[in-house]
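Q: coordinates only, sequence not included:
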């Protein structure tokens, strides 16, 4: 595999189909950033083994894909098959996923002694101590929950949800409604006769301090939020 091209492959009915693709464009195609498969391909050839240069026959293509059109077959391979990543792509994906995990833990978990979130840098340093191998393909939440269990002996953590009763004065209600939805789930709400808004918002305990800051910032300190026991 070269940094200039990589292989996408699909096994169908015990037959192997491979294409040579441009690494970054192939990744962008899978993310929906590129629509035309022709921009991704190094060559329109469908291989049985791209490294050896072994091509598949038209009969094999027709049997597996009901077409011999290389562009349609390439689309199926890239959408449904596996894509080999370059070293740099994998490094970046791991780094991005690691940041997402740290952010998730920072927002979701709190120190049980203070009920306040740990700073991201403290979480990052603790993760380095346990040497957790970040998987770029595994969901953030799943890895974060595994990490929290491993971190507890060296960094006290608990993940819990809290419910807040939130009141927003009329002059800010329309402006604040959108941002507060990003912090959690609105369980109950009502627009009152004076134009103000009241709702019950469920959110991660770790997001509480950030929520109060955002509420105070947008409402100039006139918004109210209380934890409902």
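A: That came through, no problem. Remember, predicted model here, so these are calculated numbers, not experimental data.

Q: so how far is residue 120 from the most centrally placed residue in the chain?
A: For the chain, residue 140 is the residue whose C-alpha lies nearest the centre (C-alpha atoms, centre = their mean; 6.4 Å). Residue 140 sits at a distance of 14 Å from residue 120 (criterion: C-beta to C-beta, to the nearest Å). Just so you know, the C-beta spots here come from the backbone N, C-alpha and C atoms, and that holds for glycine as well.

Q: what does residue 67 give?
A: Residue 67 sits at a distance of 50 Å from residue 120 (criterion: C-beta to C-beta).

Q: same question, residue 151
A: Distance of residue 151 to residue 120, given as C-beta to C-beta: 13 Å.

Q: neighbour count: these two, which is higher?
A: Set side by side, residue 151 and residue 120 show more neighbours around residue 151, with 20 against 14, by other C-beta atoms under 10 Å.

Q: so residue 18 sits in a strand?
A: Yes: inclusion of residue 18 in a strand is indicated when DSSP: H, G, I helix; E, B strand; the rest coil is applied.

Q: so who does it touch?
A: Contacts of residue 18 were listed using C-beta atoms under 8 Å, 6 or more residues apart in numbering, and they are 7, 8, 9, 10, 46, 47, 48, 49, 50, 77.

Q: residue 183: which of the residues you listed is nearest?
A: Comparing the contacts of residue 18 against residue 183 with C-beta to C-beta places residue 8 closest, at 39.0 Å.

Q: distance of the residue nearest to the centre of the chain from residue 103?
A: In this structure, residue 140 and residue 103 are separated by 9 Å, where distance is defined by C-beta to C-beta.

Q: what about residue 193, helix or strand, and which?
A: Here residue 193, judged by DSSP states H and E, is contained in no helix and no strand.

Q: what number of residues lie near it?
A: So residue 193, with other C-beta under 10 Å, has 7 neighbours.

Q: now residue 95
A: In terms of burial, residue 95 registers 12 neighbours under the definition other C-beta under 10 Å.

Q: now it: which helix or strand?
A: Under DSSP H and E, the secondary-structure element containing residue 95 is helix 87-108.

Q: which segments of the protein make up each domain?
A: Segmentation of the chain into domains, based on automatic domain parsing, reads 6-83, 87-159, 161-227.

Q: dump those domains into a markdown table; add mean pLDDT as well.
A: Listed next are the domains of the chain as a markdown table, based on pLDDT from 0 to 100:
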| stretch | mean pLDDT |
| --- | --- |
| domain 6-83 | 94 |
| domain 87-159 | 89 |
| domain 161-227 | 89 |
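
Q: pretty sure residue 191 sits against residue 199.
A: No: with contacts defined as C-beta atoms under 8 Å, residue 191 does not count as touching residue 199, sitting 9.5 Å away.

Q: more neighbours: which of the two?
A: Of the pair residue 191 and residue 199, residue 199 is the one with more neighbours under other C-beta under 10 Å, namely 18 against 14.

Q: could you look up the SS state of that one?
A: Residue 199 carries the three-state label strand when classified by three-state DSSP.

Q: wait, it sits on residue 185?
A: No: contact status for residue 199 versus residue 185: not in contact, 10.3 Å apart, counting by C-beta under 8 Å.

Q: rewinding a little: which of the contacts of residue 18 are buried, as a PyMOL select command?
A: Command for PyMOL, covering only those of these found buried under the criterion 16 or more other C-beta atoms under 10 Å:
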select buried, resi 7+8+9+10+46+47+48+50+77
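
Q: cool, thanks, talk later.
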